[in-house]
Structure formats: structure tokens, C-alpha cells
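# Predicted structure and sequence below. I'll ask about it afterward.
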Amino acid sequence: MEKKNYAARVAIYAMGLVILAAGITMNIKTGLGVSTIISVPFAISSIWDVNFSLVTFATYALFVVIEMIIKGSDRTVIDWLQIPFSIVFSMLLNMFSKLLDFNFGHLWQNTLYLAAAIICTGAGMSMMIAMKFVPNPADGLAQAIGKAFGKNMGFGKNILDASCVAIACVIGLLFDKRIIGIGIGTVAAMLLVGRCVAVFDHFFKDRMKSAAGLAE
């Protein structure tokens, strides 16, 4: 791969990472419900007043460990790079949490903000997956779960999403007697992020792969 193509690949991946972190943070800021994967660390940080980005890193690290257990002998050194990825991603979440400090007073404003959050999340995921670098730990675990059941990544993501929401609800009810962070925004993200990835892939995937020297 030529150096200029490799630089483009890194740039697209990094841009996707930033956009994904921004989208997930925006999802939280709407007050309509957090995204599924973030629901567990959000509940934990809200109940015990622990730094959200720190709990997110711990959750992602746990995802990596579970993924490695599922993969067994199929795991590679590249898979373990999801740990440093989690550190960088958690730092980005912390940064955007401070930068995107909006407080809208109307439901329609928060709904538009949620739509923007879902679009950013889908676009960021599409860019990162297309570049075939280190996967987001949640995506890596979803892929491992799907493969373990003889299914695709979408099936694994459905299981992971449902598990995270269920665990977040249990934690909230057990330790704070209420459900924390789960709302219409959570459901919307669960249903629509995948669609946004598909749309973004349709219009931009081939162009991104060509720029990165990954075109088949």
C-alpha cells in the first residue's frame, strides 16, 4: 500500500473515531436516553458518581476480555489493540462531554439533536469498519458473538444491545430503585444506527476504500 493511501486510511479511521465519540456523547446529552452500549457505564457512573469515561474504559476492556474468551485460539495480537483503543475513545468521550454542554428546553430541539447523534454514530461506525483497523470493542464483541452462534455481526449486536440494556436496568433498579438512562433515545439508537451505517456505506464506502487503497 502506498504511503499516501495509508495516510488516507489512518485519517478516515481517526475521523470516524472522533465522529463516533461525538455521536455517542450527543445521544447522552439529549436527555432522551443513552445508546445501548453506553447504558451500563452511564448507570454505574450516575449511581456511584464515578467518572463516566473511566467506567466506559473499564466496560470496553471487559468487552475485549469476553471477546478473547469467545474467540479462544482464533484471537490475534491485533485484537488486544482494542485495549489502547478504549483508552483513546474514553478520553474523546470525556472531551466531548465538556465541549457539547447543551441544554435544550423543548422536546423538538432534543429530538433533532438525537437525530444528529444517531447520524454521527452511524457515520463514525461506517468509516471505522471500512478501514479495517482495530475494531471498536463493542463491534469486535458483537462479531465474536455472532460467529459463535453461526450468525453474522448484526445478530451478535442485537444480543449485545439487549444484554447491555437489561444489565443497565437491573443495576438501576437494584441500587437506585429506578431505571437510569434508558428511554426513547435508546430505542431510536438501537433501531436506527444500523440503518445509518447502511446508508453511509451505500454512498461513501467505495469512495473511502478507494482513497485508502482498499478497493477490491
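Received the coordinates, thanks.

# Now do the SS call for the closest residue to Lys132 other than its chain neighbours.
Once flanking residues are discounted, Lys132 sits nearest to Leu214: 6.7 Å by Cβ to Cβ, 6 or more residues apart in numbering. Every residue, glycine included, has its C-beta placed from N, CA and C. Here Leu214 is recorded as coil under DSSP: H, G, I helix; E, B strand; the rest coil.

# Roughly how far does Leu214 sit from Asp101?
37 Å (Cβ to Cβ, to the nearest Å).

# Of those two, which one has the most company?
Leu214 (18 against 9; other Cβ atoms under 10 Å).

# Let me see the contact set for the more buried one.
Going by Cβ atoms under 8 Å, 6 or more residues apart in numbering, Leu214 touches Arg9, Ala130, Met131, Lys132.

# Quick one: residues contacting the second one.
Going back to what we said before, that points to Ala130. So Ala130 contacts Ile12, Asp201, Lys205, Met208, Lys209, Ala212, Leu214 (Cβ under 8 Å, 6+ apart).

# how far is the strand or helix carrying it from where the chain is centred?
When secondary structure is defined by DSSP states H and E, Ala130 falls within helix 107-131. Computed by Cα atoms, centre = their mean, to the nearest Å, the separation of helix 107-131 from the middle of its chain amounts to 11 Å.

# Quick one: mean pLDDT for it?
Helix 107-131 carries an average pLDDT of 92.

# Okay, the residue nearest to Lys132 and Asp74: tell me how far apart.
Distance, Leu214 to Asp74, using Cβ to Cβ: 23 Å.

# ok, now Gly181?
Taking Cβ to Cβ, one finds Gly181 at 34 Å from Asp74.

# quick one, which of those two is more surrounded?
Gly181 (23 against 10).

# which stretches of this structure form helices?
With DSSP state H as the criterion, the chain has helices at 3-29, 39-48, 52-71, 77-80, 82-99, 107-131, 137-148, 153-176, 184-200, 206-211.
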